[in-house]
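S.K.: test case, fold it:
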Amino acid sequence: SELVAYLKEAKMFDRTVIHMGSEFNRSPRIDASGSDHGVSGSGCSIISGMLAEGGIVGNIAVNKSTTSNYKGTWGIATDFDMEGMKRPIQVNDVALTLTSMLGVDNVVTNGRSVLQPKNGKWVLKKKEANNV
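M.R.: Residues are numbered from 1 along each chain as shown. Predicted structure coming up:
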């Protein structure tokens, strides 16, 4: 919050993007014997004056497996509708979103931006495809 306050005071917040993310999330193993790498369920934050509003994008799917001892919600993201493609948001989508916001060359070729410009600010493209 101190950095954001400084950027606002310096009138730089509206052209700054702060990204915090992790490589992966930890999730319980399917057989409830411990934890492993939850590659399909990680998180990140984007803080910027370029955003039209704050919010949370994405959701965690409930494990409905009949063979697993673990019925929790860790590590599996629900589908997100991006330009007609329904799948969980991936790290390449975040990378493309960030490069699009910054107006720099894309570092990935297989991602989809989660945000789009509208009236001088960036807004969410679509909502979750299924809110399981």
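S.K.: can we go C-alpha only for contacts and neighbour counts from here?
M.R.: Will do.
S.K.: how about the helices in this protein?
M.R.: Taking DSSP state H to define them, one finds helices in the chain at 2-9, 91-102.
S.K.: could you say what helices and strands the longest one packs with?
M.R.: Yep, that's helix 91-102 we're talking about. Helix 91-102 sits against strand 17-21, with contacts defined as 3 or more Cα pairs under 8 Å, 6 or more residues apart in numbering; DSSP states H and E.
S.K.: which residues are contacting the strand it packs on?
M.R.: Outside strand 17-21, the residues that touch it by Cα atoms under 8 Å, 6 or more residues apart in numbering are G43, C44, S45, I46, I47, S48, G49, M50, L98, M101, L102.
S.K.: related to what we said a few turns ago, make TSV out of the helices of the chain and add mean neighbour count, mean pLDDT and distance to K121.
M.R.: Converted to TSV, the helices of the chain look like this (neighbours: other Cα atoms under 10 Å; pLDDT from 0 to 100; distance: least, Cα to Cα, whole Å):
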stretch	mean neighbour count	mean pLDDT	distance to K121
helix 2-9	12	97	16
helix 91-102	19	92	9
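S.K.: which among those is found nearest to K118?
M.R.: Across the helices of the chain, K118 has its closest neighbour in helix 91-102 (11.6 Å, Cα to Cα).
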